[in-house]
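Asks: quick check, what structure comes out for this input:
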Amino acid sequence: MGKVYYDKDADLKEIKKQTIAIIGYGIQGRNQSLNMRESGLNVIVGNIDDHYAPNAIKDGFKLYSPEAAAERADIIYMLIPDDAQGYVYEQYIRQHMTKGKAIVFAHGFSIRYGRIVPPKDVDVMLMAPRMPGKQIREYFLNGSGAPVFIGVHQNYTKRAKHRVLAMAKAIGATRIGALEVSFEEETEVDHFIEHFLLPIIVRAIRVSYDALVEEGYSKEVALLETYASGEIGELILEASRVGLYQVFQQNTSPTAQFGMAHYAEKVFPDSNKKMIKDILKKIKNGEFEKVLKKEGLSGYKHLKKVVKDNNQSDLIKTHHRLQKMIKISGNEAVK
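Replies: I've put the predicted structure just below:
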C-alpha cells in the first residue's frame, strides 16, 4: 500500500513563488483553480476560446492561450480531456517545457500510454482527485477536502513530490489524505471502474426501470424506487464512512438485508470474474486506448449516438416529470 500524506507533510512554500498554469477551465479546472488561488498560489489559466473561457475572466483569472500560459508557467497542470492532451501538448506546450519546469496530470492516461513524452529535465507528477470538481470546491469551502492520488513519474529537480504535495494541500486534499500511487495503477484502476463498475450500476438501473414498467408498475414509482429518491446514493455515501456491509446492517431492515443476501450471487455470480479479467487485460495491453483513439478520430460518433438515445429515453422523460411532482433535495442540478 502506498503512503498517505496529510497537511503536516505538505508545505505551500515549495511553490509559493511559482506560477501554476491550469490548462483547461472546465469542471475540474475552475474548481481547483479557485481553491489554489484562495490558498495563496499564483494561478493563471490557459484555455481556448470556448464557452469555458468567459468563466475564467469572470472569476478574475488572467486568461491566456494554452501556449502563452505554458510559456509563463513553472508548473503546467493538464485539465483537458485525455484524448485531446497529446495534440495540445505537441502543438502548444512541448516547446515551453524548459529545464526545471513541471507538468502535472489529473489522470495518468497520457503518460501511461505514451501519448505525451516529456523531456528528461522536467518534473512529471500526478494529482488525481477522487471527486468531481463541484465537490472538490464545496468540501474545500466547508473546511474539508476530497481525497487525491499523487505520484511522481520524473523527479528531475529532486523536489517533485514536495511540489505535488503542495498542490494537493492547496486544493484541500491533504486535509483528508493524499495516497501515493504510480501513474500505471491510477490509470488502470480508474479505467476499470469506468469500464466495469459504473456500466453495471447504470445499466442495472435502466434495465430495472424498463422491466418494472413493462410489468405494469407506474413509471414514477419505478424511477423513485430505482434511484431518483437518492436513497441508494445516500447509502453508498454512508458506506464510504462506515463500511460497505455495515451501512446496510445499520440502516436497513432484516427483510432488505435477507433479500440482498438471498439474491446477491444469483444476480452477480463469481463467473463474472472472467469478464473482469478480460476488461483489465484490454486496459493493460492498450487495446482500449486504441479503440478510444479511433472513436476520437471519428468525432465520438458512437458516444454521441448513445448520449442522444439516453437523453431521449423514457427514463429521462419520467425523471423530468417526477422533478415537477416531488421536491427532491438537490434536483435542480439535474437537467
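
Asks: residue ranges with poor pLDDT in the stretch 201-335 of the chain?
Replies: The stretch 201-335 of the chain contains residues with pLDDT under 70 at 328-335.

Asks: disregarding flanking residues, what is the spatial nearest neighbour of V181?
Replies: Nearest non-adjacent residue to V181, counting by CB to CB, 6 or more residues apart in numbering: F149, 4.8 Å away. (Glycine included, C-beta is placed from N, CA and C.)

Asks: try I276
Replies: Computed as CB to CB, 6+ apart, the closest residue to I276 that is not its neighbour in sequence is F196, at 6.2 Å.

Asks: quick one: the helices in the stretch 151-300 of the chain, in order.
Replies: Per DSSP state H, counting those that start in this stretch, the stretch 151-300 of the chain carries helices over the ranges 160-170, 183-192, 198-214, 219-223, 231-242, 246-251, 254-267, 273-284, 287-297.

Asks: tell me which residues of stretch 268-280 come out buried.
Replies: 279-280 (16 or more other CB atoms under 10 Å).

Asks: again with stretch 139-155
Replies: So stretch 139-155, judged by 16+ other CB under 10 Å, has buried residues 139-140, 145-154.

Asks: quick one: end-to-end length of it, please.
Replies: 30 Å (CA to CA, to the nearest Å).

Asks: could you dump the buried residues of stretch 139-155 to JSON lines with pLDDT?
Replies: Converted to JSON lines, the buried residues of stretch 139-155 look like this (pLDDT from 0 to 100):
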{"residue": "Y139", "pLDDT": "96"}
{"residue": "F140", "pLDDT": "97"}
{"residue": "G145", "pLDDT": "95"}
{"residue": "A146", "pLDDT": "95"}
{"residue": "P147", "pLDDT": "96"}
{"residue": "V148", "pLDDT": "97"}
{"residue": "F149", "pLDDT": "97"}
{"residue": "I150", "pLDDT": "98"}
{"residue": "G151", "pLDDT": "97"}
{"residue": "V152", "pLDDT": "98"}
{"residue": "H153", "pLDDT": "97"}
{"residue": "Q154", "pLDDT": "98"}
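
Asks: I'd like the residues you listed laid out as JSON lines, including distance to S182.
Replies: Below are these laid out as JSON lines (distance: CB to CB, whole Å):
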{"residue": "Y139", "distance to S182": "26"}
{"residue": "F140", "distance to S182": "26"}
{"residue": "G145", "distance to S182": "22"}
{"residue": "A146", "distance to S182": "20"}
{"residue": "P147", "distance to S182": "17"}
{"residue": "V148", "distance to S182": "15"}
{"residue": "F149", "distance to S182": "9"}
{"residue": "I150", "distance to S182": "11"}
{"residue": "G151", "distance to S182": "6"}
{"residue": "V152", "distance to S182": "9"}
{"residue": "H153", "distance to S182": "8"}
{"residue": "Q154", "distance to S182": "13"}
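
Asks: let me know the closest of those residues to N35.
Replies: Taking CB to CB as the measure, N35 sits nearest to F140 out of those, at 4.7 Å.

Asks: surely that closest one touches I171?
Replies: Yes: under the criterion of CB atoms under 8 Å, F140 makes contact with I171 at 6.6 Å.

Asks: which neighbours do the two share?
Replies: Taking CB atoms under 8 Å, 6 or more residues apart in numbering as the criterion, F140 and I171 both touch N35.

Asks: follow-up on the earlier one: who are the packing partners of the one helix or strand the residue nearest to V181 maps to?
Replies: Assessed by DSSP states H and E, F149 sits inside strand 148-154. Using 3 or more CB pairs under 8 Å, 6 or more residues apart in numbering; DSSP states H and E, the elements in contact with strand 148-154 are strand 123-129, helix 160-170, strand 178-180, helix 183-192.
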